[in-house]
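A.B. asks: Give me coordinates for this.
(2 chains)
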2 protein chains.
Amino acid sequence: MQKIFISDLSQHVGQEITLKGWLYNKRSSGKIKFLILRDGTGYLQCVYFKGNVSDEIFNTADRIGQESSIEVTGKIKEEPRAIGGYEMDAIDLKVINETHEYPITPKEHGVEFLMDKRHLWLRSNRQVAIMRIRHRIVKAIRDFFDNKGFTLMDPPIITPAACEGTSTLFETEYFDLGKAYLTQSGQLYAEAGAMALGKVYTFGPTFRAEKSKTRRHLTEFWMVEPEVAFADLNDNMDLAEEFLEYVVQTVIKERESELKVLERDLSKLNNVKRPLPRISYDEAVEILKKNNIEFEYGNDLGGGDETIISEQFDRPVMVHHYPAAVKAFYMKRDPLKPEFALAVDILAPEGYGEIIGGSQREDSFDLLLQRIQEHNLPREAFEWYLDLRKFGSVPHSGFGLGLERTVAWICGLDHIRETIPFPRMIYRNTP
Amino acid sequence: MQKIFISDLSQHVGQEITLKGWLYNKRSSGKIKFLILRDGTGYLQCVYFKGNVSDEIFNTADRIGQESSIEVTGKIKEEPRAIGGYEMDAIDLKVINETHEYPITPKEHGVEFLMDKRHLWLRSNRQVAIMRIRHRIVKAIRDFFDNKGFTLMDPPIITPAACEGTSTLFETEYFDLGKAYLTQSGQLYAEAGAMALGKVYTFGPTFRAEKSKTRRHLTEFWMVEPEVAFADLNDNMDLAEEFLEYVVQTVIKERESELKVLERDLSKLNNVKRPLPRISYDEAVEILKKNNIEFEYGNDLGGGDETIISEQFDRPVMVHHYPAAVKAFYMKRDPLKPEFALAVDILAPEGYGEIIGGSQREDSFDLLLQRIQEHNLPREAFEWYLDLRKFGSVPHSGFGLGLERTVAWICGLDHIRETIPFPRMIYRNTP
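C.D. replies: Model prediction:
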């Protein structure tokens, strides 16, 4: 196995070492060939002087094409002007697989072409940076909850009931049990977990068979969903803002160079610190009015509305107390103002829209049953969920954060398709 | 939000505190009521003396049933004889939700009944212990790869092609693109990732629509799959044994009390340390012969064979160099003995069977194409996978570990159904 990586070069200055990787780029300058090696951890300029190496090696350096897999040997020196800050004075070059006509060249390609070649596109500097940031976001999310004593509860992917209509569900035959559906959220299961373990989080893929063809929609995306027993709406907002601060600040610190590759303007991300502003739905509607936006009171906020509202703040904004009518059946209503749900959405700045949606959950058996009936949901499918209110019900709250929207926001991407290795959209499920 | 948990009691000895949770069990002794509180982090005996508390509180303590949600207040003292090592001299009791006739009582219940009530069964001492161990295994797996510089690559769940026949695949309609399938493995995608990032791992749910009704089979289970560029079979075995040692030793250390709840015999787990024995398929067959097991040379090892082989060793055993004919098309063959695949399976002790399967991958375009044709696989579906051999191919290897089998093994469980919060089996997809 490869023992030395480009990310370790600071420990090898002055040494002659061998590295394996791929030819990322090259250029010539008279009797010098500059080969840029990539190995997944970084980039290194390897300098081949004619005369210092055999003609065979020099000719090989000249001949091999982009993405050839190679083994380079030479002495490492610091070179602030070179990519990564180091350079190799190369003395040997072995070719593992000589490649020519690599389809993705430094020239511009159309997006559909790049998506068709996604398995190769992932090798580009930019995609590598995004994947490393995505990974660090995932790790920050898990570390946050692990360090706070939450227990991970992997929810089922295959679920039995089409709870809220089948129109946005992927369906599959499940042996002799009839149709089953791919999960849209692990929340209901997380609630069972919270009653067992106090504080839990789910983190897995979720699915929406929505015919939405926007830059914010994937049909398959990852969602993290914490759920906490003995927590109300305010506790939920406290947790969510601490969580967002931790994730964003950790990633800024730990993935600085990757964010630089993406030319991300960090000024707005730096602001993601507690306290986040908290406004009610009513206050949000006031903002729309002041900005001369036509909006019918009682409706849900649309994407354009969210952008206007978030533009008023220098960091993510929490909007709470939505009209109950536009929110899910399981949300608890404000006992003093029952037309409002104890819900909270968090809107990201810079037009990235809702990244968190959460609420306090209805913990009364009678009220939950009433909601299920009002929504014409099949009681039988929710009998187990009602059990959570029959046996030791407690106030509890939670939220969901969409991973890919968060990656898009933190990376500053125009389109969500670059946030996941192999995106699934309404018109694409390959490669 | 709850601020103090039972797991923090060592910091509150001598203090009067309030805790929230559920009534796990209770007993009486004349003028004393012992209520066992659980809060997801542990158990605490709360002692109510008649006379120390009002009659109303005493009567409430007498009346409330198992799983009532309650708030208890009192002074904490050390009490080595009590569960968890502490006890509360209680002065107050508030009932949040009074529960009676909780369906799961300390008496024995049938498995089907418990599986129907899985959302409640999760609250039991034993299930809480398993979930906490599962979580710690997941964290150890991720920490291991994160600390070694691997990048997480979440693979797609919805995949376009029925690569090896549809008989064990869950199928779904994918908009206008026709049928799609739930992934059985992220490996092929991980290989694309390894060429981009050097060392990657996938970790997500995978699916098998197998009609296997055994104690080792789930239709939905989580798999971690590392994939490494510039790694051969030996590197792969080195990585796998270091990985297994890290995961098992970490869990033994960090989840000691939970393993005790399960009455797990740790002597065999303690042995999971490098080096693990490495034997060839031929040597494995010799073992079967010596044990008078009927076995046709060239066949794959069955579950019974694996048990016999693993019984010869005091720790997991690696079996490598299987006949190529019984292994997957993408496995590289030994150049010196092309009838053997550069494959390795790791068999867990104590009859838990194969927990890891891996191999060096075929890195030659021509040979991979030949295998695809020999297996009558549709070339078109593998064009992107062949691209990985066309452009900068390198020797690479990886393996997959099934999470739930690993949880069953480490916990010492008879049946895999208890290893995941909501198991999916051929005859069950509820709750």
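A.B. asks: need the contact list for the residue of the stretch 101-250 of chain A found nearest chain B.
C.D. replies: Residue of the stretch 101-250 of chain A nearest chain B, by Cβ to the nearest Cβ: A:G198 (2.8 Å). Every C-beta, even on glycine, is put in place using the N, C-alpha and C of the backbone. The contact partners of A:G198, taken as Cβ atoms under 8 Å, 6 or more residues apart in numbering or on different chains, are A:149, A:151, A:228-230, B:2, B:5, B:21, B:39-41.
A.B. asks: Lowest pLDDT pick from those?
C.D. replies: Lowest in pLDDT among those is B:Q2, which has 68.
A.B. asks: all strands in the stretch 201-350 of chain A, in order from the N-terminus.
C.D. replies: Along the stretch 201-350 of chain A, the segments classed as strands by DSSP state E, counting those that start in this stretch run A:220-229, A:278-280, A:317-320, A:333-334, A:337-341, A:343-348.
A.B. asks: From the structure, what's the count of residues near A:K253?
C.D. replies: 10 (other Cβ atoms under 10 Å in any protein chain shown).
A.B. asks: distance of it from A:F145?
C.D. replies: Distance from A:K253 to A:F145, counting by Cβ to Cβ, to the nearest Å: 19 Å.
A.B. asks: And for A:G74?
C.D. replies: From A:G74 to A:F145 the distance is 45 Å (Cβ to Cβ).
A.B. asks: next one: A:N270
C.D. replies: Using Cβ to Cβ, A:N270 is found at 24 Å from A:F145.
A.B. asks: Please apply the same query to A:I36.
C.D. replies: On the measure of Cβ to Cβ, A:I36 and A:F145 end up 39 Å apart.
A.B. asks: what does A:L336 give?
C.D. replies: Applying Cβ to Cβ, the value for A:L336 to A:F145 is 32 Å.
A.B. asks: Specify which residue of these two has the higher count of neighbours.
C.D. replies: When A:L336 and A:F145 are compared for neighbours, A:F145 comes out ahead with 21 against 6, by other Cβ under 10 Å.
A.B. asks: Helix, strand or coil: sort out the more buried one for me.
C.D. replies: Here A:F145 is recorded as helix under DSSP: H, G, I helix; E, B strand; the rest coil.
A.B. asks: now A:A140
C.D. replies: helix.
A.B. asks: okay, now it: neighbour count?
C.D. replies: For A:A140, the count of nearby residues is 19 (other Cβ under 10 Å).
A.B. asks: Same list as before, the strands of the stretch 201-350 of chain A that is, but in JSON lines and with distance to B:I279 and mean neighbour count included.
C.D. replies: Listed next are those as JSON lines, based on distance: least, Cβ to Cβ, whole Å; neighbours: other Cβ atoms under 10 Å in any protein chain shown:
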{"stretch": "strand A:220-229", "distance to B:I279": "39", "mean neighbour count": "25"}
{"stretch": "strand A:278-280", "distance to B:I279": "63", "mean neighbour count": "16"}
{"stretch": "strand A:317-320", "distance to B:I279": "59", "mean neighbour count": "23"}
{"stretch": "strand A:333-334", "distance to B:I279": "64", "mean neighbour count": "18"}
{"stretch": "strand A:337-341", "distance to B:I279": "62", "mean neighbour count": "16"}
{"stretch": "strand A:343-348", "distance to B:I279": "55", "mean neighbour count": "24"}
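A.B. asks: out of these, nearest to A:I32?
C.D. replies: Nearest to A:I32, of all those, is strand A:220-229, at 46.1 Å by Cβ to Cβ.
A.B. asks: ok, the closest one near chain B or not?
C.D. replies: Yes - on the criterion Cβ under 8 Å from any Cβ of the partner chain, strand A:220-229 is in touch with chain B at A:220, A:222, A:228-229.
A.B. asks: ok now that strand, how far from the chain's centre?
C.D. replies: Distance of strand A:220-229 from the chain centroid (Cα atoms, centre = their mean, to the nearest Å) equals 13 Å.
A.B. asks: Kindly report the same for stretch A:284-299.
C.D. replies: That offset, for stretch A:284-299, works out to 30 Å (Cα atoms, centre = their mean).
A.B. asks: Now it: buried residues?
C.D. replies: A:284-285, A:287-288, A:295 (16 or more other Cβ atoms under 10 Å in any protein chain shown).
A.B. asks: A:L122 is in contact with A:M131, isn't it?
C.D. replies: Yes - judged on Cβ atoms under 8 Å, A:L122 makes contact with A:M131 at a distance of 6.9 Å.
A.B. asks: hey, what's in contact with both of these two?
C.D. replies: A:421, B:193, B:196-197.
A.B. asks: what would these look like in CSV with secondary structure and neighbour count?
C.D. replies: As requested, the shared contacts of A:L122 and A:M131 are exported to CSV (DSSP: H, G, I helix; E, B strand; the rest coil; neighbours: other Cβ atoms under 10 Å in any protein chain shown):
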residue, secondary structure, neighbour count
A:P421, coil, 26
B:G193, helix, 30
B:A196, helix, 23
B:L197, helix, 28
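A.B. asks: where does the residue of the stretch 101-250 of chain A closest to chain B land on pLDDT?
C.D. replies: For A:G198, the pLDDT comes out at 98.
A.B. asks: how about it, phi and psi?
C.D. replies: Per-residue torsions, A:G198: phi 80, psi -60 (degrees, to the nearest 10).
A.B. asks: Need the nearest residue in space to it, chain neighbours excluded.
C.D. replies: Spatially, and ignoring its direct neighbours in sequence, A:G198 is nearest to B:G40 (2.8 Å; Cβ to Cβ, 6 or more residues apart in numbering or on different chains).
A.B. asks: So the one you found belongs to a strand, correct?
C.D. replies: No - B:G40 is assigned coil when assessed by three-state DSSP, not a strand.
A.B. asks: if we can go back for a sec, spatially, which two of the residues of strand A:220-229 next to chain B are the most separated?
C.D. replies: A:E220 and A:A229 (30.0 Å).
A.B. asks: Give me the nearest residue to A:S167, chain neighbours excluded.
C.D. replies: Nearest non-adjacent residue to A:S167, counting by Cβ to Cβ, 6+ apart: A:A209, 7.7 Å away.
A.B. asks: can you check A:M115 too?
C.D. replies: Excluding its sequence neighbours, the residue lying closest to A:M115 (Cβ to Cβ, 6+ apart) is A:R428, at 6.4 Å.
A.B. asks: partner residues bridging the one you found?
C.D. replies: Using DSSP bridges, the bridge partners assigned to A:R428 are A:M425.
A.B. asks: Next, count neighbours for it.
C.D. replies: Residues near A:R428, counting by other Cβ under 10 Å: 20.
A.B. asks: A:R63 too?
C.D. replies: A:R63: 11 neighbours (other Cβ under 10 Å).
A.B. asks: Could you check the pLDDT of it?
C.D. replies: 97.
A.B. asks: Tell me which residues touch it, please.
C.D. replies: Per Cβ under 8 Å, 6+ apart, neighbours of A:R63: A:E98.
A.B. asks: go with 6 Å
C.D. replies: Contact criterion Cβ atoms under 6 Å, 6 or more residues apart in numbering or on different chains gives no residues in contact with A:R63.
A.B. asks: Relative to chain B, how far out is it?
C.D. replies: Distance of A:R63 to chain B, computed by Cβ to the nearest Cβ, to the nearest Å: 15 Å.
A.B. asks: Likewise for A:T99?
C.D. replies: In terms of Cβ to the nearest Cβ, A:T99 sits 5 Å off from chain B.
A.B. asks: try A:P275
C.D. replies: For A:P275, the distance to chain B - Cβ to the nearest Cβ - is 16 Å.
A.B. asks: what helix or strand does the spatially closest residue to A:L152 that is not a sequence neighbour sit in?
C.D. replies: Spatial nearest neighbour of A:L152, excluding adjacent residues (Cβ to Cβ, 6+ apart): B:H135 at 4.2 Å. B:H135 belongs to helix B:125-147 when elements are defined using DSSP states H and E.
A.B. asks: Quick check: next helix or strand after that helix?
C.D. replies: According to DSSP H and E, the helix or strand after helix B:125-147 is strand B:151-152.
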